[in-house]
Each structure stands twice: as structure tokens, then as C-alpha cells.
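Asks: need coordinates for the below:
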Amino acid sequence: MLKTRQISIAEYTLVAWESHELEEVNGALVSARTLLHQIAGTAGSLGFEDLGNEARSIETEIDEHLNGPDADLAICPGPLFFHLDSFVQLCQTVLDAQPETTVEPS
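Replies: All right, here's what the predicted structure looks like:
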């Protein structure tokens, strides 16, 4: 599931970064947040505490943005974009370290 979620988070991040439409930006961030919340809830119990903590941190960062003064500006703040990008890379590191658990879709 991590591979699928990683890809989706990367796609949502790009939409949030590249779009100029408020609903697209915020919708993509909400979608990414949902996946991060799922990862944060399960990663620790599967032995990936660092991944879960990082997901929770970004989830909070998205919440702060969506509830902050810039939420109506149709922007994804640069630091949030780079934090999401780092998380996608962290997912890849975890996946690379666990090749026996990675199953490619048919």
C-alpha cells in the first residue's frame, strides 16, 4: 500500500504546486493529508515509526496552512511542497529497504 500512497501523494503534491485554482490546490492538499493520516496511523505499528512521525508532521503542516491566513490564496507554500517531496523520497527509501514486501500491481 505504501507504494500506491507514495505515488498518489506525489501526484497531489504536483497538482497543489502547479495549479492556480483554489479548489484544486486545497483539494489536492486535503487528499494528500488523508493519505498521510492513514500512513501516520499504521506506520508505527508496522515498525516504521520515523515514517509515521514524518507523515503526522506534514499532516499538521497541511492543517495549519488550510486553517491559516493563506488558505484562500490558491498556493502551496514552498516549505510545504519541499516537505511533501522529502516525504515521497523517504517512502522510496523505506520501500527500497523492504523489497520483499513490495508487490507490483499486475
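Asks: mind showing which ranges of this protein have poor pLDDT?
Replies: 99-106 (pLDDT under 70).
Asks: max-length helix in it?
Replies: helix 22-43 (DSSP state H).
Asks: for that helix, which positions count as buried?
Replies: For helix 22-43, burial by neighbour count (16 or more other Cβ atoms under 10 Å) applies to 25-26, 28-29, 31-37, 39-40, 43. Using the backbone N, CA and C atoms, a C-beta is placed for each residue, glycine as well.
Asks: helices and strands around the helix or strand following it, which ones?
Replies: For helix 22-43, the following helix or strand on the C-terminal side (DSSP states H and E) is helix 49-66. Secondary-structure packing of helix 49-66 (3 or more Cβ pairs under 8 Å, 6 or more residues apart in numbering; DSSP states H and E): helix 22-43, helix 78-97.
Asks: which residues touch stretch 51-59?
Replies: 33, 36-37, 39-44, 80, 83-84, 86-87, 90-91, 94 (Cβ atoms under 8 Å, 6 or more residues apart in numbering).
Asks: list the contacts for the closest residue to residue 15 other than its chain neighbours?
Replies: Nearest residue to residue 15 in three dimensions, chain neighbours excluded: residue 28, at 4.0 Å (Cβ to Cβ, 6 or more residues apart in numbering). Counting by Cβ under 8 Å, 6+ apart, residue 28 touches 12-13, 15-16, 19, 76.
Asks: at 10 Å what do you get?
Replies: Residues counted as contacts of residue 28 (Cβ atoms under 10 Å, 6 or more residues apart in numbering) are 9, 11-19, 21, 76.
Asks: cool, and residue 14?
Replies: 28, 76, 81, 84-85.
Asks: out of these, which are buried?
Replies: With burial judged by 16+ other Cβ under 10 Å, the buried subset of the contacts of residue 14 is 28, 76, 84.
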